[in-house]
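A.B. asks: need coordinates for the following:
(2 chains)
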Amino acid sequence: MTEGTINKKVRVRFAPSPTGGLHLGGVRTVLFNYLFAKQQGGDFIVRIEDTDQTRFVEGAEDYIFDTLKWCGLTPDESPLHGGPFAPYRQSERKPMYKEFADKLVSEGKAYYAFDTAEELDAKRKEINNFQYSHATRGLMKNSLTLSEAEVAELLANNTPYVIRILLPDEEEVKFTDLIRGEVTFNTKEVDDKVLLKADGMPTYHLAVVVDDYKMQITHAFRGEEWLPSAPVHILLWKYLFGLENMPQWAHLPLILKPDGNGKLSKRDGDRLGFPTFSLDWIDPKTKEVTIGFRERGFLPEAFVNMLAALGWNDGSGQELFSLEELIAKFSIDRVHKGGAKFDYEKAKWYNQEWIKKLPVASYKEQVAGLLAKKGIVANDNLEQVLELVRERCVLLNDFVEQAGFFFKPSATPDIAAIQPKWDEKKNMFFIELIRAYELSTLWEASDLEIEFKELVAAHQLKPGELMLPFRIMLVGGKFGPGVFEIAAILGKEETLSRIKHVLSLF
RNA sequence: GGAGCGUUGGUCAAGGGGUUAAGACAUCUCCCUUUCACGGAGGAAUCACGGGUUCGAUUCCCGUACGCUCUACCA
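C.D. replies: All right, here's what the predicted structure looks like:
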């Protein structure tokens, strides 16, 4: 912690653009924001950055809040939750930004530019690696090259214009990044970014700075892709509000695609068959559905845990963390500098661990819902069943196969697995077994096993030959917990009925 | 092209002048289990390269290579 933030309450913000589903990297950015804020006893603010009206997507904002809710990351202030710094949507704050852009112009820190898109394009073609900067701004149509009278006239005629920041020709801009340490840029390498667009909306550059100031943000986390534009934001802070009030920056490493190189994208998930979005996202225009981690069968605990581990660890070797533990143990110092390739296998492992770790009651309802979708109605045995099969489920959806047969016999028992070795002796055995079980008064797994094995011995058969057929009869396939435990839960009536049914198939 | 940032097994990574260079996922072998898992034991596999500094560099410094990000009136 450095001067300026010592006595301030920690306030962080997550500032997404509502342009579509929330990507893994986005959720991780929220997470780190949240963890840091809560650990410091601070506030977590969500601000919607919807300054680009052309990219607005219906439903995207709701999606962001649905994701936060699912993950258990509750904002202290947001357009939804309200707060003392409302409004929290940049589109609703439009007049605020112009005031500061104008102030910069009047102080000579920014200028009007009247270049049309076509003129800009032409210049880019004409000059290699064109940048609107100290080297080229003299060639363009702006209030630096035009006379005062010309500018006044253009303005009077409502000629469209943008306001660009006037960067120093050559100046070192240094700042300390919480993750990377000291970072230096020279202004000669960066261009005069647009601050206010022709439609009167601010660009991200102006909006973040103004809003972070107005909302008293103390720490700003964002993806590493923002690093190159950091000098613009720092200069803006210096010109507008003073460096001493600037939040501390932390540029998070990127999440990379599992194969090859580069940022993980939605397309990589589609291509490789795993989700990259938190929840299902349906594009309102194309109706295209992108699967989310939730719908794939991930528990929010696992999703959050997996995300936190992508770029951070506590150094102890511990891998499983609840949200509460993450809040307690998170530290920026231990965030990695380098990007991490996303590994879906590891992500699934986290989920499997959380399925084993959490009380089954916490996901019982969801599993019941999943079963219902397949036309399976669970009964009172559900919790007991989940307890029994949980360790063989990686995703919640796996419960459909692993637990479903307890409530609905398999429509297609895998007879092929036992038919080749089926004979009259085995048939006789099961007929005897039905009789024996019908008479038994005890229905515990251990009793059933003893009876079964005694009968096997009496028939001079080997248990190994009969166990698989028995399993196929009860389960329908070669999987699941111990057969006698299954029979115990199924109960006498259902067990016998399943044996009889499969017997009738031969 | 330029700038910035990064680089420990296949992947996530611990470590940070002297270590047999943790652990996890994945993979392989074995044990347990008359199914499938879980669990247990073990194996294979790593400090990008080149120079320094040093008695000693994976660790510090400088280069190089490679990768990524940015280079929009998008965020």
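
A.B. asks: CA atoms for contacts and neighbours, from now on please.
C.D. replies: Will do.

A.B. asks: contacting residues for residue A:64?
C.D. replies: For residue A:64, the contacting residues are A:18, A:21-22, taking C-alpha atoms under 8 Å, 6 or more residues apart in numbering as the criterion.

A.B. asks: closest one to RNA strand B out of those residues, please.
C.D. replies: residue A:18 (8.1 Å; C-alpha to the nearest atom of the strand).

A.B. asks: that closest one against residue A:61, yeah?
C.D. replies: Yes. Counting by C-alpha atoms under 8 Å, residue A:61 is a contact partner of residue A:18 at 5.2 Å.

A.B. asks: identify the contacts common to those two.
C.D. replies: Counting by C-alpha under 8 Å, 6+ apart, the residues touching both residue A:18 and residue A:61 are residue A:48.

A.B. asks: residue A:255 against residue A:263, yeah?
C.D. replies: Yes. Contact criterion C-alpha under 8 Å: residue A:255 and residue A:263 qualify, at 6.0 Å.

A.B. asks: between these two, which one's more packed in?
C.D. replies: Comparing residue A:255 with residue A:263 by other C-alpha atoms under 10 Å, the one with more neighbours is residue A:255, at 24 against 18.

A.B. asks: now do the phi/psi pair for the more buried one.
C.D. replies: When quoted as degrees, to the nearest 10, the phi and psi of residue A:255 stand at phi -100, psi 120.

A.B. asks: kindly report the same for residue A:338.
C.D. replies: Reported as degrees, to the nearest 10, the phi and psi values for residue A:338 are phi -90, psi 150.

A.B. asks: list the contacts for the spatially closest residue to it that is not a sequence neighbour?
C.D. replies: Once its chain neighbours are removed from consideration, residue A:338 has its nearest residue in residue A:253; the separation is 5.7 Å (C-alpha to C-alpha, 6 or more residues apart in numbering). Contacts for residue A:253 (C-alpha under 8 Å, 6+ apart) come out as A:223-224, A:311, A:336-340.

A.B. asks: tabulate the residues you listed in JSON lines, adding columns for neighbour count, distance to RNA strand B and secondary structure.
C.D. replies: Shown next, in JSON lines, are those (neighbours: other C-alpha atoms under 10 Å; distance: C-alpha to the nearest atom of the strand, whole Å; DSSP: H, G, I helix; E, B strand; the rest coil):
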{"residue": "A:223", "neighbour count": "16", "distance to RNA strand B": "8", "secondary structure": "strand"}
{"residue": "A:224", "neighbour count": "16", "distance to RNA strand B": "6", "secondary structure": "helix"}
{"residue": "A:311", "neighbour count": "20", "distance to RNA strand B": "3", "secondary structure": "coil"}
{"residue": "A:336", "neighbour count": "17", "distance to RNA strand B": "6", "secondary structure": "coil"}
{"residue": "A:337", "neighbour count": "16", "distance to RNA strand B": "5", "secondary structure": "coil"}
{"residue": "A:338", "neighbour count": "14", "distance to RNA strand B": "4", "secondary structure": "coil"}
{"residue": "A:339", "neighbour count": "17", "distance to RNA strand B": "6", "secondary structure": "coil"}
{"residue": "A:340", "neighbour count": "18", "distance to RNA strand B": "4", "secondary structure": "strand"}
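
A.B. asks: would you reformat those residues as TSV and include pLDDT?
C.D. replies: Shown next, in TSV, are the contacts of residue A:253 (pLDDT from 0 to 100):
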residue	pLDDT
A:223	94
A:224	93
A:311	91
A:336	94
A:337	92
A:338	91
A:339	92
A:340	93
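
A.B. asks: within range of RNA strand B, give me the residues from the stretch 151-300 of chain A.
C.D. replies: Counting by C-alpha under 7 Å from any atom of the strand, the residues of the stretch 151-300 of chain A lying close to RNA strand B are A:160-162, A:180, A:182-186, A:189, A:191, A:193-194, A:196-199, A:202-205, A:224-229, A:254, A:258, A:261-263.
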